[in-house]
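Undergrad: Sequence and predicted structure below; questions after.
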Amino acid sequence: MKLHKLLLFLLLIAFAPAAFAQSSSQLKRKKEAIQREIELLQKNLNKAAQGKKLTLSEIRALSTKISLMQSKITVINSEIKNLDNEIHENKNTVHSLQGQLAQLKKEYAGMIRFAQRNKNSYDKMMFIFAARDFNQAYKRIKYLQQFGQYRKKQADYIQGTEKNLNYKIVVLDKSLKAKSSLLKEQETEQGKLAKNKNEQATVLNQFSKQEKQFGRDIAKRKKQQAAIDREIRNAINREIALARKRAEEEARIAAAKAKAESKPAPAEKPKPKSGNYLTATPEAARLSAGFETNRGRLPWPVASGSITEGFGRHTEGQAGYTNDGVNIMTSEGATVRAVFGGEVLFVTVIQGIYVVAIRHGEYFTIYQNLKSPSVSKGEKVETRQSIGTVATTSDGAVLHFEIMRGQSKLNPEAWIAK
C-alpha cells in the first residue's frame, strides 16, 4: 500500500506543473501581443510628434497606449501570481519528497540490518528447516526470494525519489529566478506608465489651450462624415430598391407563366420588410447567414493595429460627436482586407477620402481612409482579400471601419475577433 501511495504521489507531482505551464504560456503570448500593440502605437506617436500640430488622434493613441500598458502590468501580476502558486506547490513537493526519501531510507536500512543478520547460506537454510511443515518451508523460501526482489525495488525507489527531489529543487530555483525577473519587469513597466501619464497630462493641458481649434476640427469631421453617411445610405437604398424590383419582376413572370398554362395564379407572397429584400436570393441569404454565424470571429480589416476610438458617443472638451464605427491605428501603408466574402457595393472619393463598401447579403462593411483601392464596384471579394492600403494623414495611419445591417449601425468590436 505504501508503494502504491508513493507511485500515485510521484505521478501527481509529475503532471502538476502542466497546468501552470499552460497558463503561463498563454499569459506570455498575451503579454507579447500587448507589447506589439504598444510598439506600433509608439511608432505612430513618434511620427506624430514630428508635426507641429497636436491632433485628436495623437491624444487618443496616447490614451490607448496607457490603457495597454496598464493591461500589460495586469498580465505581469497574473504571471507573478502563477509563479507564487507554482513555487508554493514545488516547496510542498520538495518537503514531501524529503519526507518520503527519509522513510524509504529508514525502511531500507532495516532490510540491510536483517540481511546482515542472515547473510550466510547456513542461516538461510536453518530458517527454512526450522519450519513446522513443508508448506511453511515453501512459504519461507518464497519469502526470501521476494525479500531480495523487494530490497532491489526499494533501492530503485530511493534512486527515483532522489532524482525527482533534485529535479524539483532545480525547478524551484528556476521559478524563483523567473519571479525575480518579473518583479524587475513590473517595476520597469510601472516607471514607463508613470512617465506616459505625465506626458498625457501635458498633452491634455495643451488640448485645453487649443480647444477652439479642436472644436473646428470636430465640426469639419462631422461634416465630412455626414457626406460619407449620405453616400452609404443612398447606396443601400438603391440596393434595397433593386432587390424589391427583382422580387416583383419574378412574381409578375410567375403569374404570367401560370396564366399561359391555364393554371391558377400562385398565391402572392407576403411582401417582406425592406431589409429582407436584401436576402431575397439564395446567394444573398447564404452570405447573410455566414456573416452572422461569424459574429465575434471575423478577421480584423488590418493585420495589426489598435482601436484608438470605439463605437458610440464621444466628448472632447465641450464638443461631442458619435462614432458609427471604430478607428484602428495601424502601420503606414498597411494592407486593408475584406473581413468577409461579398460584392463591392461602391468605391468612391468623398472630400478627398477613399471609401470602399462591401455587401454581404443584408450586412455591409465600410472601410474609410484608403489610398489606391485595388477593387472596383460589382467585384466579388473573398475573406481577407486585399482591397487597398491605409492612407496616412495628419492623424497617422488610421482606418475607419463600420458594420451595418440594412440601415442600422452595429458595433464592430462585437463582430471582429478579440
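TA: Right, received. Where do you want to start?
Undergrad: Is Ser304 in contact with Thr330, as I believe?
TA: Yes - counting by CB atoms under 8 Å, Ser304 touches Thr330, with 6.3 Å between them. Just so you know, the C-beta spots here come from the backbone N, C-alpha and C atoms, and that holds for glycine as well.
Undergrad: Which one's more surrounded, the two?
TA: Counted by other CB atoms under 10 Å, Ser304 and Thr330 do not tie: Thr330 has more neighbours, with 24 against 14.
Undergrad: who touches that one in this structure?
TA: For Thr330, the contact set (CB atoms under 8 Å, 6 or more residues apart in numbering) comprises Leu40, Val302, Ser304, Gly305, Val390, Ala397, Val398, Leu399.
Undergrad: can you pick the most crowded of those?
TA: Highest count within these by other CB under 10 Å belongs to Val390, 27 neighbours.
Undergrad: For stretch 342-361, measure first residue to last.
TA: 8 Å (CA to CA, to the nearest Å).
Undergrad: ok, back up a step: okay, and the common contacts of Ser304 and Thr330?
TA: Leu40.
Undergrad: and Ile328, helix, strand or coil?
TA: What DSSP: H, G, I helix; E, B strand; the rest coil gives for Ile328 is strand.
Undergrad: For beta bridges, what are the partners of it?
TA: Applying DSSP bridges to Ile328 yields these beta-bridge partners: Ile307, Leu399.
Undergrad: do Ser408 as well
TA: Here Ser408, judged by DSSP bridges, has bridge partners Arg405.
Undergrad: Could you list every helix and strand in contact with the one helix or strand Arg233 maps to?
TA: Element membership for Arg233 (DSSP states H and E) is helix 211-260. In terms of contacts (3 or more CB pairs under 8 Å, 6 or more residues apart in numbering; DSSP states H and E), helix 211-260 is packed against helix 56-117, strand 319-323, strand 342-350, strand 353-360, strand 363-371.
Undergrad: How far does that helix sit from its chain's centre?
TA: Here helix 211-260 is found 35 Å from its chain centre; the criterion is CA atoms, centre = their mean, to the nearest Å.
Undergrad: tell me the mean pLDDT over that helix?
TA: Averaged across helix 211-260, pLDDT comes to 74.
Undergrad: Extract the C-alpha set from the next helix or strand after that helix and format it as CSV.
TA: Using DSSP H and E, the helix or strand that follows helix 211-260 in sequence is helix 282-293. Coordinates of the C-alpha atoms in helix 282-293 are reproduced here as CSV (Å, rounded to 0.1, in the frame of the first residue of the first chain):
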residue,chain,number,x,y,z
PRO,A,282,-30.2,32.2,-52.2
GLU,A,283,-26.7,33.7,-52.5
ALA,A,284,-27.6,36.8,-50.5
ALA,A,285,-29.3,34.6,-47.8
ARG,A,286,-26.2,32.4,-47.6
LEU,A,287,-23.9,35.4,-47.3
SER,A,288,-26.1,36.9,-44.6
ALA,A,289,-26.2,33.6,-42.6
GLY,A,290,-22.4,33.1,-43.0
PHE,A,291,-21.7,36.7,-41.8
GLU,A,292,-24.0,36.3,-38.8
THR,A,293,-22.5,32.9,-37.9
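Undergrad: where in the stretch 301-418 of the chain is pLDDT low?
TA: 315-320 (pLDDT under 70).
Undergrad: Kindly recompute the last result at 50.
TA: Filtered on pLDDT under 50, the stretch 301-418 of the chain yields no residues whatsoever.
Undergrad: again with the stretch 51-200 of the chain
TA: Using pLDDT under 50, the stretch 51-200 of the chain drops low at 121-122.
Undergrad: Tell me how many other residues surround Leu193.
TA: 16.
Undergrad: give me every residue that touches it.
TA: Ile66, Met69, Gln70, Ile73.
Undergrad: roughly how far apart are the closest residue to the third one other than its chain neighbours and Thr279?
TA: If you skip the residues right next to it in sequence, Gln70 has Leu193 as its closest partner in space, 6.7 Å away by CB to CB, 6 or more residues apart in numbering. Applying CB to CB, to the nearest Å, one obtains 49 Å for the distance of Leu193 from Thr279.
Undergrad: try Val171
TA: 58 Å.
Undergrad: Surely Gly378 is within a strand?
TA: No - using three-state DSSP, the assignment for Gly378 is coil, not a strand.
Undergrad: Next, the contact list for it, please.
TA: Per CB under 8 Å, 6+ apart, neighbours of Gly378: Glu343, Val344.
Undergrad: How much space separates it from Glu343?
TA: Taken as CB to CB, the span from Gly378 to Glu343 is 7 Å.
Undergrad: which residues do those two both contact?
TA: With CB under 8 Å, 6+ apart, Gly378 and Glu343 have no common neighbours.
Undergrad: partner residues bridging the closest residue to Trp300 other than its chain neighbours?
TA: Nearest non-adjacent residue to Trp300, counting by CB to CB, 6+ apart: Ile416, 5.5 Å away. Beta-bridge partners of Ile416, counted by DSSP bridges, are Leu298.
Undergrad: Ile416 contacts Val302, doesn't it?
TA: No - assessed by CB under 8 Å, Ile416 is found out of contact with Val302, at 10.5 Å.
Undergrad: For the closest residue to Ile366 other than its chain neighbours, what are phi and psi?
TA: Take Ile366 and drop its neighbours on the chain: the residue closest to it by CB to CB, 6+ apart is Glu402, 4.1 Å away. Torsion angles at Glu402 (phi, psi; degrees, to the nearest 10) stand at phi -130, psi 150.
Undergrad: Report the contact partners of Glu402.
TA: Applying CB under 8 Å, 6+ apart, the residues contacting Glu402 are Asp324, Gly325, Val326, Thr365, Ile366, Gln368, Lys409, Pro412.
Undergrad: can you list those in a markdown table and add neighbour count?
TA: Below are the contacts of Glu402 laid out as a markdown table (neighbours: other CB atoms under 10 Å):
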| residue | neighbour count |
| --- | --- |
| Asp324 | 19 |
| Gly325 | 24 |
| Val326 | 21 |
| Thr365 | 26 |
| Ile366 | 25 |
| Gln368 | 24 |
| Lys409 | 18 |
| Pro412 | 23 |
